[in-house]
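# I need the structure of the sequence given here:
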Amino acid sequence: MVFDILWITFLTALIVQLFYIVVLFGRISFFYKNPKSPSLLNYEGVTVIVAAHNEKGNLKKLIPALCNQDYPNYEVMIVNDRSHDGTRFLLEEMMTIYPKLRTVTIQYTPEHVTSKKYALTLGIKVAKNDVLLLTDADCIPKTDKWIRLMTAPVRETNKTFSLGYSQYNSNDGFLNSWIQFETLWTALQYISFALWKAPFMGVGRNLCYRRSFFMEKKAFKGLWHINCGDDDLFVNMYADGNNTAVVVDPDSITLSTPKTTWKDYFTQKKRHFHAGKYYKAGDKQKIGIYSFTHLLFWLTGISLLTLMGIEQNWEQFVIILGIIIVRSILLTSVFTSARKKLEGETKVFWTGFFDVMYLGYFWILGTLGYQSKKVRWK
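Have a look, this model is predicted:
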């Protein structure tokens, strides 16, 4: 009886997993092709917005990269959020070099208001242009085509949201390899669902939307009390299959500085998981079903392998092991193809190993983040 239950559960979880891996996530890996750009380009004005708190070192590298983009009509808005590291003097110096650069300085944040949301809101309010392109101070556009590519769906096809991808810089070490895997896996999920007309999140490191829409919705109304989610929760609240597009192009991505210690990384991801508790119920189910069947697949698969080994039923042992290997090959293929389209890279991560490691990451760290009551930006 136990054996039959394990087999039924294992096969049911496998079917659901294959549907997600091949049909949903496979959309970007195997079937997606970049749409052709309209013949008549619309060079509508763009405002790039960055909220920065004590980011002087990063801004020295970021501002030149932002101010030398291959786009004819844009400004760069740096919101200096309560910095005390010399950011103000750096911005004053940079504005004499780069005419496109503007700045807003925040001296304090009102009570009961999230600091980053407040900083972004003030920057957006004084932006000259309706098309907004957001990134973080520790990010760098990979190419000078970033503004042109990321804003194209909003400028040229009347979309409200344009979701992009932000890669982390590659360094040596196991932590960095894991960060590369987890970042690509997260992107694979939100980009795939957006391609299926069911967007549920975006990342503020590479996100475009219209100022008029932001003001119409009264900024972060309904989100001020949450100490995170200026990007994914805003997208989750208002994005839908008609008003949202994704940009899949290695020239459109930003490169971010990864955490270098497990402690800092866990703190960052705990904040991200905390935001997930505020997603719409249907959106939580999208990922929840995959994650639950992912857990069931490995638990029942390992249990069956153990039982077959004890009973020395090597025929069924080989069948179960073969199923696990085939799923791992399919997942690796999806990751490899998706990475090539998003990053222009073909290097394969330790997908099979990280797939198992993701179980502990999602269920342990995810639970801690979900149950946490307070997180901070900076």
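
# what residues sit buried inside stretch 191-209?
191-195, 198-209 (16 or more other CB atoms under 10 Å). For glycine as for every other residue, the C-beta is placed from the backbone atoms N, C-alpha and C.

# give me the phi and psi for the spatially closest residue to Met95 that is not a sequence neighbour.
Using CB to CB, 6 or more residues apart in numbering and skipping residues adjacent in sequence, the residue nearest Met95 is Leu101, 5.0 Å away. Torsion angles at Leu101 (phi, psi; degrees, to the nearest 10) stand at phi -80, psi 130.

# do Ile49 as well
When read as degrees, to the nearest 10, the backbone of Ile49 gives phi -120, psi 130.

# do the same with Ser166
Dihedral angles of Ser166 (phi, psi; degrees, to the nearest 10) stand at phi -120, psi 110.

# residues in contact with it?
135, 139, 183, 203, 205-206, 253-256 (CB atoms under 8 Å, 6 or more residues apart in numbering).

# same thing with Gly26?
So Gly26 contacts Val334 (CB under 8 Å, 6+ apart).

# state the pLDDT value of it.
Note for Gly26: predicted pLDDT of 90.

# contacts for the helix or strand that contains Lys61 next, please.
In this assignment (DSSP states H and E), Lys61 forms part of helix 56-67. Contacting residues not belonging to helix 56-67 are listed as 48, 50, 52, 76, 78, 83, 85-87, 90-91, 94, 98, 100-101, 137-141, 257 [CB under 8 Å, 6+ apart].

# about what we covered before: farthest-separated two in the contacts of Ser166?
Within the contacts of Ser166, two members stand farthest from each other by CB to CB: Thr135 and Thr183, at 15.1 Å.

# with neighbour numbers in mind, choose between those two.
The neighbour comparison of Thr135 against Thr183 (other CB atoms under 10 Å) goes to Thr135, with 26 against 19.

# residue nearest the middle of this structure, spatially speaking?
In the chain, the residue lying closest to the centroid (CA atoms, centre = their mean) is Val203, at 4.3 Å.

# and the residue lying closest to Leu368 once chain neighbours are set aside, how close does it get to Asn227?
In space, Leu368 comes closest to Lys270 once its chain neighbours are excluded; the distance is 6.0 Å by CB to CB, 6+ apart. Lys270 is 11 Å from Asn227, where distance means CB to CB, to the nearest Å.

# where does the stretch 251-378 of the chain have low pLDDT?
348-349, 366, 369-378 (pLDDT under 70).

# thought Gly86 was touching Asn54, still the case?
No: checked against CB atoms under 8 Å, the pair Asn54 and Gly86 is beyond contact range at 9.1 Å.

# who's more crowded, these two?
Ranked by neighbour count (other CB under 10 Å), Asn54 and Gly86 place Asn54 first, with 16 against 11.

# OK, contacts around the residue nearest to Met95?
Contacts for Leu101 were tallied using CB under 8 Å, 6+ apart; they are 63, 67, 75-76, 78, 91, 94-95.

# wait, which of these is closest to Thr157?
Glu75 (22.7 Å).

# return the set of residues that bridge with the closest one.
Thr47 (DSSP bridges).

# and the pLDDT for it?
Note for Glu75: predicted pLDDT of 97.

# re the thing from before, show me the buried residues of stretch 191-209 that map onto strands.
Residues of the buried residues of stretch 191-209 located in strands (DSSP state E): 207-209.

# now, which of these sits nearest Thr300?
Distances from Thr300 to these, taken as CB to CB, are shortest for Leu207 (38.7 Å).

# so the closest residue to the closest one other than its chain neighbours bridges to which residues?
Counting by CB to CB, 6+ apart, the nearest residue to Leu207 once its immediate chain neighbours are dropped is Leu134, at 4.8 Å. Beta-bridge partners for Leu134, by DSSP bridges, are Ile49, Leu207.
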